[in-house]
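Enquirer: take this sequence and fold it.
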Amino acid sequence: MLNLEQEKNADALQLLVANLNRRFEQIQVGGGQKRIEKLHKEGKMTARERIDYLLDAGKPRIEIGAFAAYEMYAEHGGCPAGGVVVVIGYVRGRQCIVVANDATVKAGAWFPITGKKNLRAQEIAMENRLPIIYLVDSAGVYLPMQDEIFPDKEHFGRIFRNNARLSSAGIPQIAAIMGSCVAGGAYLPIMSDEALIVEKTGSVFLAGPYLVKAAIGEDADKETLGGAATHSEISGVTDYKMPDDKTCLDTIKKLVDKFGRFENAGFDRAAPRPAFGQAEDLFRILPENSSKPYDSVEILKRLVDEGELTQYKEHYGKTIICAYARIDGWAVGIVANNRQVVKSAKGEIQFGGVIYSDSADKATRFILNCNQKKIPLVFLHDVTGFMVGTRSEHGGIIKDGAKMVNAVANSTVPKFTIIIGNSYGAGNYAMCGKAYDPRLIAAWPTAKIAVMGGEQAAKVLTQIQVQTLKDKGEAPDPAQEKALFEKTKSRYETQTSPYYAAARLWVDAIIDPRQTRSWISMGIEAANNAPVEKFNPGVIQV
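Expert: Residues are numbered from 1 along each chain as shown. Predicted coordinates:
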């Protein structure tokens with residue numbers, strides 16, 4: 001039987017998950033039902049239909065960046081999922097990453113976030129030696145925003161550089177031209193190892209008919225200029241001419257089926273076992289009020305096989321939990337923030353979710369051990385930051401925090417990050433936030449990501465403004481002070497939302513907490529394709 005507080009917790013998280021699912025359903029429609037129907041009339045499948053047909057039925061899959069551009073680009077009509085769908089799944093039993101332009105969203109044109117999302121997909125492929133399949137159907141750069149997508153290091157051109165680097169590393173790339181493929185975008189499929197093109201709907205050229213006419217005065221229709229017959233029979237640019245989408249996708253399956261295998265990294269995996277209790281238990285354990293303490297170990301037990309944890313330095317540095325466990329059979333080292341209020345060995349009260357010197361020291365040593373033993377790391381965030389104040393500064397909190405950040409930055413075993421609750425300030429960095437190269441990073445709907453919480457930020461900024469007025473000899477107006485506080489708090493709370501983070505690809509996804517085990521398991525399986533470099537921790541005085 002659940003008590004009243006557990007029922008409230010469960011109701012609150014179930015509501016957040018329901019809202020997540022409702023928003024995702026809206027995103028799946030892409031540019032809208034009318035545009036989907038238009039594609040069907042042209043004999044084309046949508047991006048999501050193509051991916052569903054390509055991937056093995058009944059096998060797990062995870063989507064990267066579904067909430068990219070969420071509530072962004074309103075002045076341009078929006079850009080659901082960034083106009084491109086990215087999924088890690090299985091093709092004929094082989095784990096692959098698939099990148100499919102969504103032609104229902106501005107004809108598949110590239111917004112700034114589209115480029116960032118494509119680069120993230122290629123980064124995942126490179127780090128994990130995953131075959132990457134491009135399903136191309138794009139009108140090219142979204143011209144009204146060309147200055148934000150074209151010339152910089154992390155812009156459109158970086159994608160072709162990555163094509164070359166993937167090829168050099170021997171990571172298979174297959175591209176299917178299933179719609180438009182224009183201008184600079186034409187290099188992507190042709191820089192892949194093999195290119196397929198669909199008759200009547202697929203076309204690829206550096207300049208379309210209108211630009212050719214304007215540039216050199218030549219009249220040429222789309223098919224003659226760069227259709228399937230032209231590139232399969234005359235130019236030799238493409239390798240396979242396909243009559244329709246399904247035949248094209250079937251051919252990709254046959255090609256993937258013949259791939260050889262890389263030597264794996266050697267991460268240990270035993271027979272998978274279920275987690276302790278029920279996955280729904282997570283809903284009742286996590287408090288409705290994110291400031292309340294809770295038993296973090298109970299969360300971990302619902303994520304690891306049979307709830308079995310071997311805690312490292314269990315009675316030292318108690319505001320971080322470090323433990324060896326298995327997730328879906330894979331051996332992992334877990335670094336998790338402990339949200340309970342605890343006592344240190346000296347009898348001092350330590351607040352849950354705060355990193356103290358002893359906790360940072362413990363986590364550093366544990367990260368070193370996992371690198372020594374080639375054990376993937378899983379970070380679970382609910383952190384408000386490092387402890388502040390005179391006692392902490394005198395105790396060297398900056399030095400101990402720097403040691404932890406150093407260990408995370410130099411770690412060579414794959415890292416996976418799940419943001420459960422708060423992820424504030426330097427705590428985000430020390431717990432392997434996006435800047436520290438996690439192989440995958442996901443957030444629960446309860447996540448909050450920022451320099452600090454909204455209320456704290458509002459208090460700080462209000463105090464600064466009040467002091468500025470006092471320095472000028474002016475008396476602060478209590479009404480204005482309160483208005484500033486509320487305005488700042490509201491803005492921060494909007495910006496700490498997991499949807500705000502996911503829209504900008506600070507996290508790869510917002511997930512139902514019950515999907516956490518699958519995300520980590522598929523991530524480690526992907527990472528097992530790539531060798532682990534020798535670990536060199538740099539200067540860490542432990």
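Enquirer: C-alpha from now on. contacts and neighbour counts both.
Expert: OK.
Enquirer: can you report phi and psi for P189?
Expert: Dihedral pair for P189: phi -70, psi -30, per degrees, to the nearest 10.
Enquirer: which ones are touching it?
Expert: Y134, V136, I174, A175, A176, I177, A195 (C-alpha atoms under 8 Å, 6 or more residues apart in numbering).
Enquirer: please narrow these to those residing in strands.
Expert: Within these, residues falling in strands by DSSP state E are Y134, V136, I174, A175, A176, I177, A195.
Enquirer: quick one: which of those residues is nearest R92?
Expert: I174 (14.7 Å; C-alpha to C-alpha).
Enquirer: pretty sure the closest one contacts N163?
Expert: No - applying C-alpha atoms under 8 Å as the test, I174 and N163 come out as separate, 10.6 Å apart.
Enquirer: intersection of neighbour lists for those two?
Expert: Common neighbours of I174 and N163 (C-alpha under 8 Å, 6+ apart) are S192.
Enquirer: what's the helix or strand bottoming out on mean pLDDT in the chain in contact with?
Expert: The weakest-scoring helix or strand in the chain, judged by mean pLDDT, DSSP states H and E, is helix 454-471 (a mean of 78). Applying C-alpha under 8 Å, 6+ apart, the contact partners of helix 454-471 are 475-476, 481, 484-486, 488-493, 496.
Enquirer: can you tell me which of those residues lies closest to K241?
Expert: T496 (48.1 Å).
Enquirer: the most far-flung residue of the chain relative to its centre: what secondary structure?
Expert: Distance from the C-alpha centroid of the chain peaks at G473, with 49.3 Å (C-alpha atoms, centre = their mean). Look at G473: counting by DSSP: H, G, I helix; E, B strand; the rest coil, its state is coil.
Enquirer: turn the ones in strands among the contacts of P189 into TSV, including pLDDT and distance to E25.
Expert: What follows is the ones in strands among the contacts of P189, written out as TSV (pLDDT from 0 to 100; distance: C-alpha to C-alpha, whole Å):
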residue	pLDDT	distance to E25
Y134	97	23
V136	96	23
I174	98	29
A175	97	27
A176	97	26
I177	96	27
A195	96	32
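Enquirer: are any of these buried, and which?
Expert: Buried members of these, scored by 16 or more other C-alpha atoms under 10 Å, are Y134, V136, I174, A175, A176, I177, A195.
Enquirer: the last one: what's it in contact with?
Expert: Contacts for A195 (C-alpha under 8 Å, 6+ apart) come out as I174, A175, A176, I177, P189, T238, D239, Y240.
Enquirer: hmm, 6 Å instead?
Expert: A175, A176, P189, T238, D239 (C-alpha atoms under 6 Å, 6 or more residues apart in numbering).
Enquirer: now this structure, which segments are flagged as low pLDDT?
Expert: Residues of the chain meeting the criterion pLDDT under 70: 1-2, 184, 539-542.
Enquirer: for it, longest helix please?
Expert: Ranked by residue count under DSSP state H, the longest helix found in the chain is helix 4-28.
Enquirer: and the next element down the chain from it?
Expert: Toward the C-terminus, helix 4-28 is succeeded by helix 33-41 as the next helix or strand (DSSP states H and E).
Enquirer: can you list the residues that contact that next one?
Expert: Residues contacting helix 33-41 (C-alpha under 6 Å, 6+ apart): T104.
Enquirer: in the helix or strand just after it, what's buried?
Expert: Going down the chain from helix 33-41, the next helix or strand is helix 47-54, by DSSP H and E. For helix 47-54, the buried set under the neighbour-count rule, 16+ other C-alpha under 10 Å, comprises A47, R48, R50, I51, L54.
Enquirer: got CSV for those, with distance to A323 too?
Expert: Formatted as CSV, those follow (distance: C-alpha to C-alpha, whole Å):
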residue, distance to A323
A47, 41
R48, 39
R50, 41
I51, 37
L54, 38
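Enquirer: which phi and psi values does A336 adopt?
Expert: Dihedral angles (degrees, to the nearest 10) for A336: phi -130, psi 140.
Enquirer: name the nearest residue to it, ignoring sequence neighbours.
Expert: Spatial nearest neighbour of A336, excluding adjacent residues (C-alpha to C-alpha, 6 or more residues apart in numbering): L380 at 4.6 Å.
Enquirer: now do the SS call for that neighbour.
Expert: Of the three states, L380 takes strand according to three-state DSSP.
Enquirer: which parts of the least confident helix or strand of the chain count as buried, going by neighbours?
Expert: G454, A457, A458, K459, T462, V466.
Enquirer: and the fifth one, how close does it get to K8?
Expert: Put plainly, it is T462. 33 Å (C-alpha to C-alpha, to the nearest Å).
Enquirer: what ranges do the strands span in the stretch 351-500 of the chain?
Expert: 354-355, 377-383, 385-386, 415-424, 440-443, 448-450 (DSSP state E, counting those that start in this stretch).
Enquirer: so what touches the third one?
Expert: Which is strand 385-386. Contact with strand 385-386 is made by V354, I355, Y424, G425, A426, G427, as judged by C-alpha under 6 Å, 6+ apart.
Enquirer: so which of those residues wins on neighbours?
Expert: Within the contacts of strand 385-386, neighbour counts (other C-alpha atoms under 10 Å) peak at I355, which reaches 30 neighbours.
Enquirer: list the contacts for it?
Expert: Here I355 is in contact with F386, M387 (C-alpha under 6 Å, 6+ apart).
Enquirer: who does it bridge with?
Expert: F386 (DSSP bridges).
Enquirer: ok, it to V105 distance?
Expert: From I355 to V105 the distance is 44 Å (C-alpha to C-alpha).
Enquirer: that older thread, quick check: which of the strands of the stretch 351-500 of the chain is nearest to K301?
Expert: strand 377-383 (12.8 Å).
Enquirer: quick one: strands adjacent to that closest one?
Expert: strand 330-337 (parallel), strand 415-424 (parallel).
Enquirer: ok, which of these comes nearest N101?
Expert: strand 415-424 (26.8 Å).
Enquirer: other residues contacting the closest one?
Expert: With C-alpha under 6 Å, 6+ apart, strand 415-424 has contacts from 377-385, 438-444, 446-452.
Enquirer: about what we covered before: pipe the contacts of P189 into CSV and attach distance to D245 per row.
Expert: Listed next are the contacts of P189 as CSV, based on distance: C-alpha to C-alpha, whole Å:
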residue, distance to D245
Y134, 13
V136, 11
I174, 15
A175, 13
A176, 9
I177, 10
A195, 14
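Enquirer: and the residue nearest to L20 when sequence neighbours are not counted, how far from R48?
Expert: Closest residue to L20 apart from its sequence neighbours, by C-alpha to C-alpha, 6+ apart: P445 at 7.2 Å. To R48, P445 is 24 Å away according to C-alpha to C-alpha.
Enquirer: how far away from the center of its chain is stretch 346-358?
Expert: Distance of stretch 346-358 from its chain centroid, counting by C-alpha atoms, centre = their mean, to the nearest Å, is 31 Å.
Enquirer: likewise stretch 324-334?
Expert: Centre-to-centre, stretch 324-334 and its host chain are 21 Å apart (C-alpha atoms, centre = their mean).
Enquirer: re earlier: can you report how many residues lie near the residue nearest to L20?
Expert: Neighbour count for P445, taken as other C-alpha under 10 Å: 25.
Enquirer: what's the spacing between it and D512?
Expert: For P445, the distance to D512 - C-alpha to C-alpha - is 7 Å.
Enquirer: thinking again about what came up before, hey, what's the residue nearest to A336 bridged with?
Expert: A336, I418.
Enquirer: which residues touch the residue most central in space within the chain?
Expert: Nearest to the geometric centre of the chain sits D508, at 1.4 Å (C-alpha atoms, centre = their mean). Shown in contact with D508 (C-alpha under 6 Å, 6+ apart): I64, G65, I441, A442.
Enquirer: my guess is A509 contacts A442. True?
Expert: Yes - contact criterion C-alpha atoms under 6 Å: A509 and A442 qualify, at 4.9 Å.
Enquirer: the two: who's more crowded?
Expert: Just comparing A509 and A442: by other C-alpha under 10 Å the higher neighbour count belongs to A442, 29 against 26.
Enquirer: hang on, the more buried one packs against L505?
Expert: No - here A442 lies out of contact with L505, judged by C-alpha under 6 Å, at a distance of 10.1 Å.
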